[in-house]
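1. Prediction below, plus the sequence it came from.
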Amino acid sequence: MTMPIDADARRAVAPVICYPVETLPASDMAQYGRARETLTKVDKVLVAPRDARCFTVPAGHFFRITSVEGPQVGDLNLWAQHDLSERFYSGKTRALHGTHITTGQRMWSSFPTLRPMATLTHDTLDWYGIDDFGGSVHDVIGTRCDPYTNQLLSGGQYHHCCHSNLIRALADHQGISYAEAEPFVHDVLNVFMCTGFTRDTGQYFMKASPVRPGDYLEFFAEIDLLGALSACPGGDCSSKHSADTAACYPLLVEVFAPASGTLDGWQSPQPNGYDRSHGG
Ligand SMILES: [Zn+2]
């Protein structure tokens, strides 16, 4: 290894934030806050351990993912209900908001729509912050546990990774085959999962989730949504995933309607305004 003589000076250059978010269209969190005081439950889905379920949320409704029975992480996919090609874009959400998301931040959709799909309106784990290992909760850095990576690393055929769970749930909900459903499954929001990158090697790590029964993450649906949530076979992800050895618990999804009038003036975001001519 040859070190340039100005190596220290190059390393000492201060970073700049890639995407300052001050110019993003703002959410009216005060209005969402007033609306969430008036919620009526309209639907609920219980996701069994090592399995996934779909649910729908009309634009202007709220949904919550709640820990029940024991510490459990969930892998969340979101699509525009009427066009599955518009899906959650984990990478751009990470670039805009950071490695983990919490109240006030949004889940953005894929190109070419690139618009808010959901806004986080309440997070009972917002006290956690960033721990001494660099870990935090609700990450957009992991992908989802999947049988292909498991095959490479450990061998064998494991069928209840979040990737496969999400495929089965989407196929069942849409009445399509697993092969048709698979390309729609995408990188997730890791709900309740506590993760980070090691400081010395930069490797993705997980640790026991701080979630406890009763904790929840709440979202406001900015557009009509189809969601799928997998209760990860990793359980609280304290040791292993991609196996049936971890203690696993269900996750509860509830959908709520706010009182009429509480969202007066709110508009569902339009698709991105770029003209898509790409210089041609
Ligand atoms: Zn998983």
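-> In hand now; what should we look at? Numbers count the residues shown, from 1 in each chain.
2. in the protein, what spans have low per-residue confidence?
-> Residues of the chain meeting the criterion pLDDT under 70: none.
3. Alongside the ion, which residues does it contribute?
-> Within reach of the ion by C-beta under 5 Å from the ion, the chain has these residues: 145, 162, 232. All C-beta atoms are positioned from the backbone trio N, CA, C, and that covers glycine.
4. any chance of these in TSV, with distance to residue 218 too?
-> Formatted as TSV, the residues of the chain next to the ion follow (distance: C-beta to C-beta, whole Å):
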residue	distance to residue 218
145	25
162	21
232	20
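5. ok, those vs residue 7, which is closest?
-> Lowest distance from residue 7 to the residues of the chain next to the ion (C-beta to C-beta) belongs to residue 145, with 38.5 Å.
6. residues in contact with the nearest residue to residue 259 once chain neighbours are set aside?
-> Nearest residue to residue 259, sequence neighbours excluded (C-beta to C-beta, 6 or more residues apart in numbering): residue 38, at 3.7 Å. By C-beta atoms under 8 Å, 6 or more residues apart in numbering, residue 38 lies in contact with 258-259, 262.
7. which one of those has the most neighbours?
-> With neighbours taken as other C-beta atoms under 10 Å, the top of the contacts of residue 38 is residue 258, carrying 21 neighbours.
8. what about the nearest residue to that residue once chain neighbours are set aside, neighbour count?
-> In this structure, residue 258 finds its nearest non-sequential neighbour in residue 35, 3.9 Å apart by C-beta to C-beta, 6+ apart. Applying other C-beta under 10 Å, we find 24 residues neighbouring residue 35.
9. Can I get the one helix or strand residue 35 maps to in CSV, CA atoms only?
-> According to DSSP states H and E, residue 35 maps onto helix 29-35. Output in CSV follows, covering the C-alpha atoms of helix 29-35 (Å, rounded to 0.1, in the frame of the first residue of the first chain):
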residue,chain,number,x,y,z
MET,A,29,-47.3,17.1,10.9
ALA,A,30,-49.5,19.3,13.1
GLN,A,31,-52.5,18.4,10.9
TYR,A,32,-51.6,14.7,11.0
GLY,A,33,-51.3,15.1,14.7
ARG,A,34,-54.8,16.5,15.0
ALA,A,35,-56.2,13.8,12.7
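10. okay, now residue 73: neighbour count?
-> So residue 73, with other C-beta under 10 Å, has 31 neighbours.
11. Secondary structure element holding the nearest residue to it once chain neighbours are set aside?
-> Among residues not flanking residue 73 along the chain, residue 193 sits closest, at 4.1 Å (C-beta to C-beta, 6+ apart). With secondary structure defined by DSSP H and E, residue 193 is part of strand 189-197.
12. Counting by contacts, list what that strand packs against.
-> strand 62-67, strand 74-80, strand 136-139, strand 204-207 (3 or more C-beta pairs under 8 Å, 6 or more residues apart in numbering; DSSP states H and E).
13. Kindly present those strands as TSV, with separate columns for distance to residue 21.
-> Formatted as TSV, these follow (distance: least, C-beta to C-beta, whole Å):
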stretch	distance to residue 21
strand 62-67	22
strand 74-80	20
strand 136-139	17
strand 204-207	24
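14. closest to residue 177 out of the ones you listed?
-> Nearest of the helices and strands packed on strand 189-197 (C-beta to C-beta): strand 74-80, 17.2 Å.
15. Report the inter-axis angle for the helix or strand following the closest one versus strand 74-80.
-> The helix or strand immediately downstream of strand 74-80 is strand 83-87, counting by DSSP H and E. Orientation of strand 83-87 against strand 74-80 (axes from the mean of the first three to the mean of the last three C-alpha atoms, to 10 degrees) gives an angle of 120 degrees.
16. residues of the helix or strand just after strand 83-87 that come out buried?
-> The C-terminal neighbour of strand 83-87 among helices and strands, as given by DSSP H and E, is helix 90-97. The neighbour-count check on helix 90-97 (16 or more other C-beta atoms under 10 Å) flags 90, 92-94, 96-97 as buried.
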